[in-house]
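Visitor: I need the structure of the sequence given here:
(2 chains)
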Amino acid sequence: MNNYIIRRIVQAIPLLFVISIVSFSLIKLAPGDPVLSFVTPDMGADDVARIRQSMGLDQPAYVQYFAWFKNVLTGDLGYSLVSHRPVSTMILERIPATFGLMGASLLLSLLFALPLSMLAGAKQNSIPDRILSLLSYIGISIPSFWFSMMLIYLFAVEFHWLPSMGMRTIGVDSIWDILKHGILPCTVLTFINVSVYMRYIRSNTISQLEEDYVQIQYAYGASTGTVLLRHVFKNVILPVVTILGMSLPELIAGAFITESVFSWPGMGSLGITAVHGLDYPVIMGITMISSILLVIGNLAADILYGAVDPRIKTTG
Amino acid sequence: MKSKNLLLSLVLAATAVLASACGGGGNTAETTKPAESSAAADEGQPKDGGSIIIAVQDDPKVLNPIYAGDRVTLTIDQSLYAPLFTITDGKKEYVLADSDSFSDDHLTYTLKLKDGLKWHDGQPITADDVVFTMDSILDENQHSSSRDQFVLDGKPVKVTKVDDLTVQFVLPEVSAAFEGGLAGLSPIPKHVFEGEKDIEKSEKNNNPIGSGPFKFKEYRAGEYVTLERFDDYFAGKAHLDSVTYRIAKDPNAANLALENGEIQMRMVDTQDYNRLEQTGKFNLEIYPEGRLQYMVFNLNVPSMQKKEVRQAIAYALDKNELITASYSSGDFAEPAASILTPDTLYHTDDVQTYDYNAEKAKQLLADAGVSGLKLRLAYTNTNKPQTSQALYIQQKLKEVGIEIELLPMDGTAYGNKTLDMNNKDFELSFGGYIMGAEPDAYKSLFLSDAAYNYSHYKDADFDALWSKGAVEIDTAKREELYKQIQQKVADEMTVYPIAYTKAIVAIDNTYGGVEEAQPKPVVMLADLSKLYKK
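Guide: Residues are numbered from 1 along each chain as shown, chains lettered A, B, ... in the order given. The predicted structure follows:
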């Protein structure tokens, strides 16, 4: 088992290397010049040239890449081209807000998705199933920024129940205040997540219910509830483990659009600003952390498979 | 029952994750609730106390005036740092400076500071700070973007201390633009930054020590920057206790927050005006932004090299219709004729104008021997006024037989294309600039080899006018030079000025003193210390 984990980690190293090259190339291929995002016409040409040089942006792309790569090996993610602050500091100060929001929404999503989609699968084509399917389609197809705006308009502007933006009321520092600010963005993310999860879990429940072992349980006189909770649940949980593994990077990388609309001070907001400014040290920092978490998440999911389903053995 | 417990514990866990993750990490010393004061009976009498929350679109960059270039940082620096002096509409107003004078040969400039000035940490502001600031700007290793303004003919200005309050600037050559460059310059404290290898990346910028009416209190990344009143401000204490700049990324959501009272001041767009006005909750200040919005002819393309063709296009367009189409009403934009904005020194309306005249346009085209012209018009696809203008121009130019192909482009791609000196991908494009009061600053947009010479118009005589304007110290002669420049561009029609646009700032009407605080381009209000809670 330990050998297996070590082997997987070693295998991930070239993968991460390739990811870093691909992301860096994509940033460099994108039209635009990071210097232009803060140059104004009243700056002299010499000033612009000096600024470009001071950031190393006058060098060819591969030179920039290897300079970045060498720093990363020593644990230094560099400085943002735009704010001139250390990238690691910028990322660390954003992680708590994103982790809180994404973690809460992930837990709530599972909480709603598991029972609802198993119910929908068990009562296929019933009225509740149809309603849930409709909601799920809405959730998958609705643009998150529009949904967010509607919620803000309704709950913040019309009813005055909840704040419309940010994570804190200025001058107030309480957990209750943060929770109140988190409700709307969390609702948006949860609704969309549940909709996606439901598609997987519902169809999995349906196919499990057609398996022989289920028919045998029924033959022994077990009730539908018992069959679902005791037997089907264990098998349905497998794709959920995969989803969880894939969601791990999201916990840190956050949600670009939802965070921006609500001005949630997380990684998503940071990421979208960085992309607009072609701030490659920040974009690369976020990409690499997400990639590492994706590798870890997949690994954890594979190991968990073994725990959830003893038929899957890891050899190594 | 088991599943119910599971449900409950999951909810609790979710709550705990959210709370624990977001709760920590703060470093607020104390909490100050916005003071609620009832509307004063006598509204003319400014009151002290209270606070305001102002929306800005992004996190500030380095809160250090020698690097500030973006809107958000400039806005915050406006309250955090005081300049030496300002020049508004040609009038000089001393701030930290007490007086200044030029020697007879105009090569030595002496600046005297006010006595008793203090930094936010209580240290005195002296000539050493001004010298240090100038040295830092001129030091190439500090890569300040203002360096070029103080390098004349390749040689830097020499700055020396005369006594504690007096600084002497020795210019390598006569420069009429020097004062304009110095206006608005805010010194940075020597005792804080002395010895820093790279001031831009210095940790000390995280806790800036300024000289303005408000001092730094707290910055939370992605959330807000809070400043509090500086009691030792030389021009008198500010009325408000604190000012918070709240980062609101999404403009639509920010407008809702404004209506909801979570934000009390914000720069808004013309299309938001009516909706906000109807609420009756806001004081909507409309004021000139010092910005010119224009269409530029790309002379790299042969079809644009004939002056008659460019003039014909100008005659074929009705500027008032163009403005109404894009800014919904003339209230938000004033028709423009000159390339210098009205707040710029020596701006004149005495230039050739092109009142709508389709017959004349057709005649000019016929005289030039041009027919069946097909042109491409490029603009930024996310810019709403530009999109409306493009559609209008496409329609209108059909009347004189010119066919327009619209090229809406991604913002960065568009920016890159316009800076390509050999660009021939389109004949027409839109743009806008805010250049400030000093006309010399405009030369980076018009000199033959300038990076921002979007028209690619190259003329040695025209360049010579700019060079003369920069060194002419006789005001009347200088005015004449800039008049010639403005007339030349209007006559050559390399740039078609559309409008001097206006900015709209919405301020919750429970605040007074907006006029005294002086609405100002880019930074919203020039002097927040004058704002008070009614």
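
Visitor: only the buried residues of stretch A:65-78, if you could.
Guide: If you call a residue buried by 16 or more other C-beta atoms under 10 Å in any protein chain shown, then stretch A:65-78 has these buried ones: A:Y65, A:W68, A:V72, A:L77, A:G78. Every residue, glycine included, has its C-beta placed from N, CA and C.

Visitor: contacting residues for the third one?
Guide: Taking C-beta atoms under 8 Å, 6 or more residues apart in numbering or on different chains as the contact definition, A:V72 lies against A:S20, A:M288.

Visitor: go on, the first one?
Guide: Taking C-beta under 8 Å, 6+ apart as the criterion, A:Y65 is in contact with A:I21, A:F24.

Visitor: which stretch of helix or strand covers it?
Guide: Assessed by DSSP states H and E, A:Y65 sits inside helix A:61-73.

Visitor: any bit of the helix or strand just after that helix sitting next to chain B?
Guide: Heading C-terminal from helix A:61-73, the first helix or strand you meet, by DSSP H and E, is helix A:87-122. Yes: figure legend: helix A:87-122 in contact with chain B (C-beta under 8 Å from any C-beta of the partner chain); contacting residues A:90, A:93-94, A:96-97, A:99-101, A:103-104, A:107-108, A:110-111, A:115.

Visitor: surely B:I485 and B:S467 touch.
Guide: No: with contacts defined as C-beta atoms under 8 Å, B:I485 does not count as touching B:S467, sitting 11.1 Å away.

Visitor: give me the residue from the stretch 301-450 of chain B nearest chain A.
Guide: Among all residues of the stretch 301-450 of chain B, B:T412 sits closest to chain A, at 2.9 Å; criterion: C-beta to the nearest C-beta.

Visitor: circling back to that earlier point, compare B:I485 and B:S467 (neighbour count), which wins?
Guide: Neighbours around B:I485 and B:S467, counted as other C-beta atoms under 10 Å in any protein chain shown, are more numerous at B:I485. The numbers are 25 against 13.

Visitor: now for the more buried one: which residues touch it?
Guide: Contacts of B:I485 were listed using C-beta under 8 Å, 6+ apart, and they are B:I339, B:P439, B:F446, B:F462, B:L465, B:W466, B:G469.

Visitor: identify, from these, the entry nearest to A:V282.
Guide: When the contacts of B:I485 are compared for distance to A:V282 (C-beta to C-beta), B:F446 wins out at 35.6 Å.

Visitor: the closest one: how many residues sit nearby?
Guide: As a burial measure, the neighbour count of B:F446 was computed by other C-beta under 10 Å and equals 23.

Visitor: tell me the one among the residues of helix A:87-122 next to chain B nearest to B:Y433.
Guide: Looking at the residues of helix A:87-122 next to chain B and their distance to B:Y433, the nearest is A:M90, at 30.9 Å (C-beta to C-beta).

Visitor: wouldn't the closest one be in contact with A:V282 here?
Guide: Yes: distance between A:M90 and A:V282: 6.5 Å, which falls inside the contact criterion (C-beta under 8 Å).

Visitor: quick one, domains of the chain?
Guide: Just going to use chain A. In terms of domains, chain A is parsed into A:2-73, A:90-308 (source: automatic domain parsing).

Visitor: not quite, go with chain B.
Guide: Taking automatic domain parsing as the domain assignment, the record places the domains of chain B at B:2-42, B:51-60+B:217-264+B:510-533, B:82-203, B:288-502.

Visitor: and these as JSON lines, adding mean pLDDT and distance to A:G221?
Guide: As requested, the domains of chain B are exported to JSON lines (pLDDT from 0 to 100; distance: least, C-beta to C-beta, whole Å):
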{"stretch": "domain B:2-42", "mean pLDDT": "44", "distance to A:G221": "21"}
{"stretch": "domain B:51-60+B:217-264+B:510-533", "mean pLDDT": "93", "distance to A:G221": "56"}
{"stretch": "domain B:82-203", "mean pLDDT": "92", "distance to A:G221": "72"}
{"stretch": "domain B:288-502", "mean pLDDT": "91", "distance to A:G221": "65"}
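
Visitor: got the residue ranges for the helices in the stretch 151-300 of chain B?
Guide: Ranges of helices within the stretch 151-300 of chain B are B:178-182, B:190-193, B:251-259, B:273-279, based on DSSP state H, counting those that start in this stretch.

Visitor: for those helices, could you give me a markdown table that also reports mean neighbour count and distance to A:D46?
Guide: As requested, the helices of the stretch 151-300 of chain B are exported to a markdown table (neighbours: other C-beta atoms under 10 Å in any protein chain shown; distance: least, C-beta to C-beta, whole Å):
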| stretch | mean neighbour count | distance to A:D46 |
| --- | --- | --- |
| helix B:178-182 | 20 | 14 |
| helix B:190-193 | 18 | 23 |
| helix B:251-259 | 21 | 35 |
| helix B:273-279 | 13 | 41 |
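
Visitor: wait, what's in contact with B:A368?
Guide: If a contact means C-beta under 8 Å, 6+ apart, then B:A368 has B:K306, B:E308, B:V309, B:A312 as its contacts.

Visitor: circling back: what's the ChimeraX line that selects buried ones from the residues of helix A:87-122 next to chain B?
Guide: Selecting only the buried entries of the residues of helix A:87-122 next to chain B in ChimeraX, with 16+ other C-beta under 10 Å as the criterion:
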select /A:90,93,94,96,97,99,100,101,103,104,107,108,110,111,115
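
Visitor: find the nearest non-adjacent residue to B:L465, please.
Guide: For B:L465, the nearest residue in space outside its immediate sequence neighbours is B:I485; the separation is 5.1 Å by C-beta to C-beta, 6 or more residues apart in numbering or on different chains.

Visitor: quick check: which element contains that neighbour?
Guide: Under the assignment given by DSSP H and E, the secondary-structure element containing B:I485 is helix B:475-492.

Visitor: which of the domains of chain A sits closest to B:N141?
Guide: With distances scored as C-beta to C-beta, the stretch of those nearest to B:N141 is domain A:2-73 (8.2 Å).

Visitor: what is the burial count for residue 305?
Guide: Unless you meant another one, I'm taking chain A. So A:Y305, with other C-beta under 10 Å, has 19 neighbours.

Visitor: can you look at chain B instead?
Guide: Using other C-beta under 10 Å as the criterion, B:Q305 is surrounded by 14 other residues.

Visitor: close to chain B, is the helix-or-strand element of chain A with minimal mean pLDDT?
Guide: One helix or strand of chain A scores below all others by mean pLDDT, DSSP states H and E: helix A:45-54, with a mean of 78. Yes: using C-beta under 8 Å from any C-beta, a contact is recorded between helix A:45-54 and chain B, made by A:A45, A:D46, A:D47, A:V48, A:R50, A:I51, A:S54.

Visitor: wait, the second one sits on B:D148?
Guide: Okay, so that is A:D46. Yes: taking contacts as C-beta under 8 Å, A:D46 lies within contact range of B:D148: 5.4 Å.

Visitor: the more surrounded of those two?
Guide: Per other C-beta under 10 Å, whichever of A:D46 and B:D148 has more neighbours is B:D148, with 19 against 13.

Visitor: remind me which residues of chain A are low pLDDT?
Guide: For chain A, applying pLDDT under 70 flags the ranges A:1, A:37-44, A:312-316.

Visitor: the residue most central in space within it - nearest residue in space that isn't next to it in sequence?
Guide: Among the residues of chain A, the smallest C-alpha distance to the mean C-alpha position (C-alpha atoms, centre = their mean) belongs to A:E250, namely 1.8 Å. Counting by C-beta to C-beta, 6+ apart, A:M102 is the residue found nearest to A:E250 once chain neighbours are left out, at 5.6 Å.
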